[in-house]
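Trainee: Need the 3D shape of this:
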Amino acid sequence: MGNFFKDIEDLQTIFPQISGSFDEMMTYVSTAEEVYMVDHLSQAFYDEMITALEAVNYVLTDLTTAQQAVVKHLRKASAYYGTYKAAPYINMHMGNGGAMEHSSGETSGIRMWVFNAAQGSSIKDADLFMDKALAVMEATPDSYTTWKTSSAFTKFKKYFITNADDFREKGLVDISGSRRTYLRLVPFMAKCELQYVIPCIGETLFATIKAKLLAGTALDAYETALMDNYIYPALAHYTIYTGAPNLNLDISANGIRIVSTEDGIKGMKRDEKAYAEWRMQMLGDAKNYLSRAKKYLDDNEDNIADYANDDAAENNTPDYTIPDNSLSNSSVML
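Mentor: As a prediction, this is how the structure comes out:
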């Protein structure tokens, strides 16, 4: 099975700076595709796209319209993931003498801050194009039946917030459009849905809305208002608050992002007071959104049968107090 690229010249249409052996680069590209892309596409859909490219000898305009719409983003994601993966190793070889670095009298080693910036930029762009491909597929899933019928389709769709852009657009929390930040937050989001969202809206309404979202069925006007105005932002804020002590985050004017030495993203030393204030603000906003959601449901109970018939409707506004561990030993950076 091949890759998203035919040869080095094809790869250079996405990333002109690449040179050298195509076979060597494809080793890294193949690894990157497996690590960062296949789980989200499913192995079957990934193989289908590669087979389609090979069948038309990588002439993109000979693909179907649906295939073109997604492959153009997948190729970019592959190129940037591949160069990110290759960067630390492309000038190094292993032998009996251990790890050796190639050098040339006509070139000089890249400065580390430039290298880190390039790696950070590559992984950010790769995540961006991967999300663009998934957005196309999510908008028209019937055009990608192999993906739609795979576990990859429901793996993250089973949560109310399904991608990095949703955190900003729906949840009103900016995680820098970072797919890897979203993925690290998923376990905390799952916990928050169970601990905070279900007690507020009830299991029946929760299940109804989940089923509609998974099926691509439109929510009714009351469900839409509930989710857009209250539940999405409540969940996003609770997720960040809950996950923050367990994750290494960089928080800046550019948004929130996972800090990883592999990504070339370096956080600054944390200011404990600013950190505590930031987390308390997240908690305060989360509780505010969820309290308003409860009021909205109570005010519109006659129009939301799944809520009216659930035990949650009998509950008073819950006390969404969370133990304050804002000064715990955490790796979050500000």
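
Trainee: buried stuff in stretch 230-250?
Mentor: Buried residues in stretch 230-250, counted by 16 or more other Cβ atoms under 10 Å: 230-245, 247-250. Placement of C-beta: from N, CA and C, glycine included.

Trainee: which parts of stretch 202-218 are buried?
Mentor: Across stretch 202-218, burial judged by 16+ other Cβ under 10 Å covers 202, 204-206, 208-209, 213.

Trainee: tell me the two of these that are most distant?
Mentor: Gly202 and Leu213 (16.4 Å; Cβ to Cβ).

Trainee: any chance you could map the helices in the stretch 1-150 of the chain?
Mentor: 8-12, 22-36, 38-41, 43-55, 65-86, 112-139, 145-148 (DSSP state H, counting those that start in this stretch).

Trainee: closest to Arg184 out of the ones you listed?
Mentor: For the helices of the stretch 1-150 of the chain, proximity to Arg184 was assessed by Cβ to Cβ; helix 112-139 is nearest, at 12.3 Å.

Trainee: any idea of the mean pLDDT in the closest one?
Mentor: The predicted model gives helix 112-139 an average pLDDT of 70.

Trainee: And the contacts of stretch 190-204?
Mentor: 159-160, 206, 209, 226, 231, 234-235, 238-239, 242, 286, 290, 293-294, 297, 306-307, 309-313, 315, 318, 320 (Cβ atoms under 8 Å, 6 or more residues apart in numbering).

Trainee: For Asp39, which non-adjacent residue is closest in space?
Mentor: Ala152 (6.5 Å; Cβ to Cβ, 6 or more residues apart in numbering).

Trainee: just Ser78 next, same as before
Mentor: Leaving aside its sequence neighbours, Ser78 sits nearest to Phe4 (Cβ to Cβ, 6+ apart; 4.4 Å).

Trainee: right, and that neighbour touches Glu33 too?
Mentor: Yes: between Phe4 and Glu33 there is a contact under Cβ atoms under 8 Å: 7.3 Å.

Trainee: Between the two, which contacts overlap?
Mentor: Common neighbours of Phe4 and Glu33 (criterion: Cβ under 8 Å, 6+ apart): Ser78.

Trainee: So these two - more neighbours on which side?
Mentor: A count of neighbours by other Cβ atoms under 10 Å puts Phe4 above the other of Phe4 and Glu33, at 25 against 22.

Trainee: if you skip the residues just before and after it, what's nearest to Lys76?
Mentor: Beyond its immediate neighbours in the sequence, the residue positioned closest to Lys76 (Cβ to Cβ, 6+ apart) is Phe129, lying 4.0 Å away.

Trainee: Would you enumerate the residues in contact with the one you found?
Mentor: Phe129 makes contacts with 73-74, 76-77, 80, as judged by Cβ under 8 Å, 6+ apart.

Trainee: now do 7 Å
Mentor: 73, 76-77, 80 (Cβ atoms under 7 Å, 6 or more residues apart in numbering).

Trainee: Nearest to Ser42 among the residues you listed?
Mentor: Ala77 (15.3 Å).

Trainee: these two touch, right, the closest one and Met37?
Mentor: Yes: between Ala77 and Met37 there is a contact at 6.4 Å, judged by Cβ atoms under 7 Å.

Trainee: what do those two both touch?
Mentor: Met130.

Trainee: Comparing those two, which residue is more hemmed in?
Mentor: Ranked by neighbour count (other Cβ under 10 Å), Ala77 and Met37 place Ala77 first, with 27 against 18.

Trainee: Could you verify that Thr208 is part of a strand?
Mentor: No: with DSSP: H, G, I helix; E, B strand; the rest coil as the criterion, Thr208 is located in helix rather than a strand.
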